[in-house]
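1. build me a model:
(chains A and B)
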2 protein chains.
Amino acid sequence: MYDVIIVGGGPAGLTAGIYSVRRNLRTLIITKDIGGQVLLTHKIENYPGFIEITGMMLSELFRQHAESLGVGIVLDEVVEIKKRSEKDFMVMTLHGEEYRAKAIILAIGREHRMLNIPGERKFLGKGVSYCFTCDGPLFKGKVIAVVGGGNSAFRAVEYLSEIARKVYLIHRRDKFRAEEKLIEKVKSKKNVEFILNTIIKEILGKEKVEGIKIENVKTGKERIMKIDGIFIEIGHVVRKELIEKIGLKTNEKGEIVVNKECKTNIPGIFAAGDCTDVPEKQIVIAAGMGAIAALSAYKYIKS
Amino acid sequence: MYDVIIVGGGPAGLTAGIYSVRRNLRTLIITKDIGGQVLLTHKIENYPGFIEITGMMLSELFRQHAESLGVGIVLDEVVEIKKRSEKDFMVMTLHGEEYRAKAIILAIGREHRMLNIPGERKFLGKGVSYCFTCDGPLFKGKVIAVVGGGNSAFRAVEYLSEIARKVYLIHRRDKFRAEEKLIEKVKSKKNVEFILNTIIKEILGKEKVEGIKIENVKTGKERIMKIDGIFIEIGHVVRKELIEKIGLKTNEKGEIVVNKECKTNIPGIFAAGDCTDVPEKQIVIAAGMGAIAALSAYKYIKS
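-> Numbering: from 1, shown residues only, chains lettered A, B, ... in the order given. As a prediction, this is how the structure comes out:
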């Protein structure tokens, strides 16, 4: 029986771990990976204290910090959480394990929405990217595609057009959700070409991305385009399964609603970081919320 | 004319600075010192990424980070803030300077409540301490006094009684605000003595603390006690002057009320860190709020 089980091993989860053990709570982190989205970020320049650090290195420092204090970390995936009674939660994992705890902290982050097409996973980091600020500089002078029609897709195109030789913006419709100003700015770029009403069927290549197979949804015509890289900017999602089953309140974006104390609508379940409705998703913000969630969980357990 | 003026140079203020300049806002930090309360903390073990670091070192890293990105820092004290119109604030300082900005971020932290008696400032760091966890270990085998009657005073006595030869708890009344359990625990300690209904008139010494002059408020009798150190644990306060004059909403503790976006009741004034009504005061929490405040200020300025 643990005091706290923390689901997720990004900045929010690891910081919650640090604060929980420092309050002498028996603490377990269950997570798929160490670092979460931070791992996808090549260069971090806005976590105070480190002028520049890689996502991998910062995640490693967070892990060391948590483990040095005695936080247990299990690499597994939580598939269900059940509240048995007050201060008695059951956590079930993909590997078939069951754990019990008096309180739960959800720090499951968000995931980049994927296209879910052949080649996407295979070429991750080999031409497929979900982070233009991290990976953009690798495509100097190359031909690339950006997928999406919202602000983040347009920001990606704006940024990447300064680096790449040619940028295709591929969007499944012919209207955009992005802000007008941003669209105008991008339209004025000479090396940007819009390919609209078009979906991507497959990402092609041997060792790395060499092209994509696209289909015009109006005409049904397919063709193959040669590109060196593809940036998928179609938004983020919080994993639904876990939070829907147990009845957590979410906002219209599917983010867990929390108050200032990182309490959810279910007593004993706290949430921190990108999976919540905090207005900004940043490493230091997630870490701060992890600390708040742990201290709130402590009060809940001791009450 | 700045975009943002940040008042305060602790973790909240410096992080707000980092985030503001990264959004290309013309940013100025006006602060009395770099680090705020962090400077008073000898050893920090709960800022994620650093297993152990001194308050001085962490503050220096935050400063370097902010300055490397181009944040301007002025060492001065803000004495008044006036709202002239929407997106036009005037900030006046102790040194008689006037600055203008479109938005203000208050990150003024809290201060240890002082006794305001002779010798208190003079012997700060020379036997006078406001942080038992930081300075306690320096008083191994010594005779010390703790002033206060709340939880933090009792926690100080509990901790220090394991280190010092003798601990006097001095309290101006004969009743305590501390939790019963904590009081009982402390009462059971053999090397702890309560001196009640007693105030401290002066802290005495040459180079460092050598004694205190105390007065029994019931009898009016004064006497001098020999001690090697004194821990003042009578709570924290947010500086009132600045926030009252401009009409900021505060809670019953005098903390600035903010929402999730670090907005105060005055549009264009944001607040972050220990000066706010956030339920927990911690470095990483303050830093996270600094980031939120800066991003909210950015939205306000661009709206």
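
2. how about whichever residue of the stretch 151-300 of chain A sits closest to chain B: what's its closest non-neighbour residue?
-> Across the stretch 151-300 of chain A, the shortest distance to chain B (C-beta to the nearest C-beta) belongs to A:Gly288, at 2.3 Å. Quick note: C-beta positions are derived from backbone N, CA and C, even for glycine. The spatial neighbour of A:Gly288 that comes closest, neighbours along the chain excluded (C-beta to C-beta, 6 or more residues apart in numbering or on different chains), is B:Gly288 at 2.3 Å.

3. pretty sure that neighbour is touching A:Gly290, no?
-> No - contact criterion C-beta atoms under 8 Å: B:Gly288 and A:Gly290 do not qualify, at 9.0 Å.

4. packing partners of the longest helix anywhere in chain A?
-> Determined from DSSP state H, the single longest helix within chain A is helix A:283-302. Packing partners of helix A:283-302 (3 or more C-beta pairs under 8 Å, 6 or more residues apart in numbering or on different chains; DSSP states H and E): strand A:2-7, helix A:11-22, strand A:98-106, strand A:269-271, helix B:283-302.

5. A:Lys175 contacts A:Gly150, doesn't it?
-> No - taking contacts as C-beta under 8 Å, A:Lys175 lies outside contact range of A:Gly150: 11.2 Å.

6. looking at these two, which is more packed in?
-> More crowded of A:Lys175 and A:Gly150, by other C-beta atoms under 10 Å in any protein chain shown: A:Gly150, with 16 against 8.

7. go ahead and confirm the more buried one touches A:Gly235.
-> Yes - look at A:Gly150 against A:Gly235 with C-beta under 8 Å: they come within range, at 6.6 Å.

8. quick one: average confidence on stretch A:164-172?
-> Mean pLDDT, computed over stretch A:164-172, is 97.

9. pLDDT score for A:His112?
-> 85.

10. how is chain A carved up into domains?
-> What the record gives for chain A is the domain set A:2-112+A:236-302, A:128-232, from automatic domain parsing.

11. any idea which of the ones you listed is most buried?
-> domain A:2-112+A:236-302 (a mean of 21; mean count of other C-beta atoms under 10 Å in any protein chain shown).

12. which ones are touching the residue of the stretch 151-300 of chain A closest to chain B?
-> Applying C-beta atoms under 8 Å, 6 or more residues apart in numbering or on different chains, one finds that A:Gly288 lies in contact with A:15, B:282, B:284-289.

13. state the distance from the residue lying farthest from the centre of chain A to A:Thr198.
-> Note on chain A: the largest C-alpha distance from the chain mean falls to A:Thr219, namely 34.4 Å (C-alpha atoms, centre = their mean). In this view, A:Thr219 and A:Thr198 are 10 Å apart by C-beta to C-beta, to the nearest Å.

14. what of A:Glu52?
-> 38 Å.

15. same check on A:Gly273?
-> In terms of C-beta to C-beta, A:Gly273 sits 35 Å off from A:Thr198.

16. just the C-alpha atoms of stretch A:242-256, please, in CSV.
-> Taking C-alpha atoms only, stretch A:242-256 is exported to CSV below (Å, rounded to 0.1, in the frame of the first residue of the first chain):
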residue,chain,number,x,y,z
LEU,A,242,-7.8,6.7,-18.1
ILE,A,243,-9.7,9.9,-17.2
GLU,A,244,-13.0,9.1,-18.7
LYS,A,245,-13.5,5.7,-17.0
ILE,A,246,-13.1,7.1,-13.5
GLY,A,247,-15.2,10.2,-14.2
LEU,A,248,-12.7,13.0,-14.1
LYS,A,249,-14.1,16.4,-15.1
THR,A,250,-12.4,17.7,-18.3
ASN,A,251,-12.7,20.9,-20.3
GLU,A,252,-13.7,21.2,-24.0
LYS,A,253,-10.1,20.3,-24.9
GLY,A,254,-10.2,17.1,-22.9
GLU,A,255,-7.9,18.5,-20.3
ILE,A,256,-8.4,17.6,-16.6
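
17. does chain B sit close to that stretch?
-> No - contact of stretch A:242-256 with chain B (C-beta under 8 Å from any C-beta of the partner chain) is absent, the minimum separation being 11.6 Å.

18. ok, residues contacting that stretch?
-> A:7, A:78-83, A:106, A:108, A:237-238, A:240, A:257, A:264-266, A:269, A:271, A:275-277.

19. tell me where the stretch 101-250 of chain A has strands.
-> A:111-112, A:128-129, A:143-147, A:166-170, A:192-195, A:198-205, A:209-216, A:222-226, A:229-232, A:236-237 (DSSP state E, counting those that start in this stretch).

20. now the ones you listed in TSV, with distance to A:Arg23?
-> What follows is those, written out as TSV (distance: least, C-beta to C-beta, whole Å):
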stretch	distance to A:Arg23
strand A:111-112	30
strand A:128-129	39
strand A:143-147	45
strand A:166-170	49
strand A:192-195	52
strand A:198-205	47
strand A:209-216	47
strand A:222-226	55
strand A:229-232	40
strand A:236-237	31
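
21. got a list of what the spatially closest residue to A:Thr15 that is not a sequence neighbour touches?
-> Distances taken as C-beta to C-beta, 6+ apart put A:Gly290 closest to A:Thr15, at 3.3 Å, once the chain neighbours are dropped. Contact partners of A:Gly290, counting by C-beta under 8 Å, 6+ apart, are A:11-19, A:105, A:107, A:272-273, B:48, B:284.

22. list just the nearest of the residues you listed to B:Asn116.
-> Distances from B:Asn116 to the contacts of A:Gly290, taken as C-beta to C-beta, are shortest for B:Val284 (31.7 Å).

23. quick check: the closest one touching B:Glu45?
-> No - at 11.7 Å, B:Val284 does not count as touching B:Glu45 under the criterion of C-beta under 8 Å.

24. I figured A:Asn46 was touching A:Glu280, is that so?
-> No - between A:Asn46 and A:Glu280 there is no contact under C-beta under 8 Å: 11.2 Å.

25. distance of A:Gly96 from chain B?
-> 31 Å (C-beta to the nearest C-beta, to the nearest Å).

26. so is the lowest-mean-pLDDT helix or strand in chain A next to chain B?
-> Ranked by mean pLDDT, DSSP states H and E, the helix or strand of chain A with the weakest confidence is helix A:132-135, at a mean of 79. No - for a cut-off given as C-beta under 8 Å from any C-beta, helix A:132-135 has no contacts with chain B; the smallest distance is 11.1 Å.

27. ok now that helix, how far from the chain's centre?
-> Computed by C-alpha atoms, centre = their mean, to the nearest Å, the chain-centroid distance of helix A:132-135 equals 14 Å.

28. and stretch A:162-182, by the same measure?
-> 22 Å.

29. that one: end-to-end distance?
-> With C-alpha to C-alpha, to the nearest Å as the measure, stretch A:162-182 spans 15 Å from end to end.

30. ditto for stretch A:223-242
-> 39 Å.

31. average model confidence for that stretch?
-> On average, stretch A:223-242 scores 94.

32. then stretch A:265-283?
-> 96.

33. first-to-last residue distance for it?
-> Across stretch A:265-283, the terminal residues are separated by 24 Å (C-alpha to C-alpha).

34. and what of stretch A:159-168?
-> 13 Å.

35. about what we covered before: could you list which of the contacts of stretch A:242-256 also contact chain B?
-> A:Asp277.

36. out of the contacts of stretch A:242-256, list just those in helices.
-> Mapping the contacts of stretch A:242-256 onto helices (DSSP H) picks out A:Lys240.

37. spatially nearest residue to A:Ala103, not counting backbone neighbours?
-> A:Ala297 (4.2 Å).

38. thought the one you found was touching A:Arg26?
-> No - counting by C-beta under 8 Å, A:Ala297 stays clear of A:Arg26, with 11.7 Å between them.

39. what do the two both touch?
-> A:3-4.

40. residues contacting whichever residue of the stretch 51-200 of chain A sits closest to chain B?
-> In the stretch 51-200 of chain A, the residue that lies nearest chain B is A:Leu61 (4.6 Å; C-beta to the nearest C-beta). Taking C-beta under 8 Å, 6+ apart, we find A:Leu61 in contact with B:48-50.
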